[in-house]
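Asker: quick one, what's the 3D model for this:
(chains A and B)
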Protein chains: 2
Amino acid sequence: LLTVALVSTGHEVLRGHTLNTNAAWLARRVTEVGARVRVVLTVGDDLADLSRALSAAAAQAEAVLVTGGLGPTEDDRSREALAAVMGVALEHDERAWRTIRARFEAAGLAPSASQRRQALVPAGAVVLPNLQGTAPGLVARAAGAEVFLLPGPPREMQAMFEGQVLPRWRTGGRLDDVASRVVWTAGVPESEVAAPLEAAMRAEEPVVGTHPDEGEVAIRVLARGPGAASRADEVVRLAREALGPAVVSERDDERVQHALVARAKDRRLVLTTAESVTGGLVARMLCEVPGASDVFRGGWVVYSDAWKASALGVPEDLLRAHGPVSEAVARDMAERALARAPADVALATTGVAGPGPDAAGIAAGTAFVACALRDGPTTVRRLSMALPRLTVQRRVAVAVLDLARRLLAPR
Amino acid sequence: LLTVALVSTGHEVLRGHTLNTNAAWLARRVTEVGARVRVVLTVGDDLADLSRALSAAAAQAEAVLVTGGLGPTEDDRSREALAAVMGVALEHDERAWRTIRARFEAAGLAPSASQRRQALVPAGAVVLPNLQGTAPGLVARAAGAEVFLLPGPPREMQAMFEGQVLPRWRTGGRLDDVASRVVWTAGVPESEVAAPLEAAMRAEEPVVGTHPDEGEVAIRVLARGPGAASRADEVVRLAREALGPAVVSERDDERVQHALVARAKDRRLVLTTAESVTGGLVARMLCEVPGASDVFRGGWVVYSDAWKASALGVPEDLLRAHGPVSEAVARDMAERALARAPADVALATTGVAGPGPDAAGIAAGTAFVACALRDGPTTVRRLSMALPRLTVQRRVAVAVLDLARRLLAPR
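Answerer: Prediction:
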């Protein structure tokens, strides 16, 4: 099994203003393709720190992926650090320089003098062409490991990993058989998602974990070695059987809003929304899905009581009698949205996002979600949580999308 | 200047499914309070890897902050790694154990046998009480550095850093004078934000950088040593003068939607929204702001042409003549929303989010945003960008919020 160390350079991450998304992306891909990340190091652009990190990484892993520090400025020190660890000099590489110049000239520009830094190569290193930008990558043996220098911009880094690092690893037969699976669930707390998988999670192989994210919970399975796929699929089967209708999808790019849009499309149903506490988030999540316009034409944001009455026609008596955060108002909002809209399914939310309680003293984190069907009953659910304002809004939106998704179960 | 190394444990980050938000939070706070992060290391729960990371961190910095690995299971190895690096044994700490038991008993529970692991302490280490959870923290001298073990859950980790790490550093007089400032801007590309600050960005001190984020750009300033505050303020003054109306705020928790809500509140104006391409995102961003209900009562999501006509009354002739993605329709949507709503300012969006062009062949990333005022003219702006669907939606929402913010400039 190929072991890998990741080294990220750059002050942005060290000062905490940028999340290390390059390292996360590489960690995920390296794992998926059948290698193992052993350590992730982040350092600034100090040459000594960077060289030390490179040596430490090379001592712990067979391959090292360095991102960043390949730009044309003096703060870009990855080439120097690699040369230092290899104990060789940096040399001007005429072929790399011609490629850089050609890129500039194609854009009608002349490269600046400092751009020549990007054509410096430690003696013995191999240049990896960058098809997305000017900074070429490099690969060399250093301190016992195969060290790759990749550019920092994510698009360039990702293309170089896929196009040049991965083929080398595959050709070398250095990747393990790996099967990685994900099962997304909604509407069930993490502890209940984990319960039926307890034995699988305790086992060493495959590795099974639960990962809560914004009101949904992912089950991730990673199997390695011969028979990986069937062992991973067995856990997925177990999860599917135990969790049934809570299962949203088996893909990372399919969350509750995608699943709902797909079901509505299948059944040729049109959705509409009437949102109070979520303030447009439910509509926005539906519109995140490419092709959402097939099943979502429009909706209402009715944040105030007056607007609930004027835009949707919720009776002022009802608002007074039950208060705006109530089962009765959630139900009425959904049913009136359905009556006014050319739609088959209406999703409604009302609640208190916080930080404090509302004027009637209802606690922050209390909400009602409702789903009205053109040809069926209206379903209302009460939610209660002690969480920050944005999290409450997000959880309530996920809850109503999931309620509709369950009600539109394939027949 | 105190140098700090951060060590995070846990497979989630190593597999790339979780961003290292603990490290980012600590990196930001450590920098703000006047120390310097030298390296960030992430390792799994292998004892040898963890011990090696601890030693490497201690060799490079005066203080080491380790997060995670303090739980009650066998995968929680931070205590063992610290003992290994110190070359001492783990001992049962009766006082720590009593505190853990008391926390369980207060919740009406009995601690499990495995919980006793949490009371194991390397000989000579000092226990740091955890007021938010069961796992106590630890501090000890190891390999020449002061090593802190902090719990992994962010709330517990943050409370322990603020309540126990920071006071020690302050008492020791080990923190530098630091002044950190941020200036958020909107409506101006990063290159134009950076242009007037070029000289300041080239200087060694203070450190000045620009950081684009979802259509807004932050200018960050970090000054150190005597006179830090006035040097940082001088850069802020320069940015304010050069960028004028593009400046949104000087706080990280105040972005374009917060600035717009604040201005509307000041001028006692009510906002409404009519959204096509952003699908509810503009309303949702307004509702992110606590107290948004003072200035936002409701709005429309009009995703389809038919809905633009039926809900807002946009004439079908106009939609046919100009197409839904046009200056004329954006203007009409804003003006009709204003005519129908008890509001003073209406924000409207129409465009093509993508991935592909719309039915009329208009390219993905084309959009119009409009802002209509009760007592003033309507302003429309055209946008064009080659970006992914979600980014287009986000940028369009930021653009219309910023347009309204600028139109409501303090008088």
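
Asker: how about the helices in the stretch 201-350 of chain A?
Answerer: Ranges of helices in the stretch 201-350 of chain A, per DSSP state H, counting those that start in this stretch, are A:228-243, A:256-266, A:281-287, A:305-307, A:316-322, A:327-340.

Asker: got it, and the stretch 1-150 of chain A?
Answerer: A:11-14, A:21-32, A:47-60, A:78-86, A:94-106.

Asker: please tabulate the ones you listed in CSV, including the columns mean neighbour count.
Answerer: In this view, the C-beta of every residue, glycine as well, is placed from N, C-alpha and C. Below are these laid out as CSV (neighbours: other C-beta atoms under 10 Å in any protein chain shown):
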stretch, mean neighbour count
helix A:11-14, 23
helix A:21-32, 21
helix A:47-60, 21
helix A:78-86, 23
helix A:94-106, 14
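
Asker: just so I know, which of the ones you listed lies nearest A:P122?
Answerer: For these, proximity to A:P122 was assessed by C-beta to C-beta; helix A:78-86 is nearest, at 3.8 Å.

Asker: that closest one relative to helix A:47-60, how many degrees between them?
Answerer: Counting by axes from the mean of the first three to the mean of the last three C-alpha atoms, to 10 degrees, helix A:78-86 lies at 60 degrees to helix A:47-60.

Asker: do helix A:78-86 and chain B come into contact?
Answerer: No. Helix A:78-86 is not in contact with chain B by C-beta under 8 Å from any C-beta of the partner chain; minimum separation 13.5 Å.

Asker: so what's the residue nearest to A:P154 when sequence neighbours are not counted up against?
Answerer: Distances taken as C-beta to C-beta, 6 or more residues apart in numbering or on different chains place A:N22 nearest to A:P154, at 6.0 Å, with adjacent residues excluded. Going by C-beta atoms under 8 Å, 6 or more residues apart in numbering or on different chains, A:N22 touches A:8, A:67-68, A:152, A:154, A:157.

Asker: which of those sit farthest apart?
Answerer: Maximum distance among those (C-beta to C-beta): 11.7 Å, for A:S8 and A:P154.

Asker: more neighbours: these two, which one.
Answerer: A:S8 (25 against 13; other C-beta atoms under 10 Å in any protein chain shown).

Asker: any idea how far A:W25 is from that one?
Answerer: Separation of A:S8 from A:W25 (C-beta to C-beta, to the nearest Å): 11 Å.

Asker: same check, this time on A:V236
Answerer: Taking C-beta to C-beta, one finds A:V236 at 24 Å from A:W25.

Asker: once you drop chain neighbours, what's closest to whichever residue of the stretch 101-250 of chain A sits closest to chain B?
Answerer: Here the stretch 101-250 of chain A gets closest to chain B at one residue, A:H211, 5.9 Å apart by C-beta to the nearest C-beta. Leaving aside its sequence neighbours, A:H211 sits nearest to A:A218 (C-beta to C-beta, 6+ apart; 4.5 Å).

Asker: what's the answer for A:M285, then?
Answerer: In space, A:M285 comes closest to A:Q257 once its chain neighbours are excluded; the distance is 4.3 Å by C-beta to C-beta, 6+ apart.

Asker: A:A159 reaches A:Q132, doesn't it?
Answerer: Yes. Contact criterion C-beta atoms under 8 Å: A:A159 and A:Q132 qualify, at 5.0 Å.

Asker: now the helix with the most length in chain A: mean pLDDT?
Answerer: For chain A, the helix with the greatest residue count under DSSP state H is helix A:389-407. Helix A:389-407 shows a mean pLDDT of 97.

Asker: try stretch A:49-64
Answerer: Across stretch A:49-64, the average pLDDT comes to 95.

Asker: in contact with A:A348, which residues?
Answerer: Residues in contact with A:A348 (C-beta under 8 Å, 6+ apart) are A:273-276, A:330-331, A:333-334, A:337, A:369-372, A:400.

Asker: what's the closest of those residues to B:D266?
Answerer: A:S276 (25.2 Å).

Asker: number of nearby residues for the closest one?
Answerer: Neighbours of A:S276 (other C-beta under 10 Å): 31.

Asker: still on that earlier bit, surely the residue nearest to A:H211 and A:V208 touch.
Answerer: No. Judged on C-beta under 8 Å, A:A218 makes no contact with A:V208 at a distance of 11.1 Å.

Asker: so between these two, which is more surrounded?
Answerer: Comparing A:A218 with A:V208 by other C-beta under 10 Å, the one with more neighbours is A:V208, at 24 against 20.
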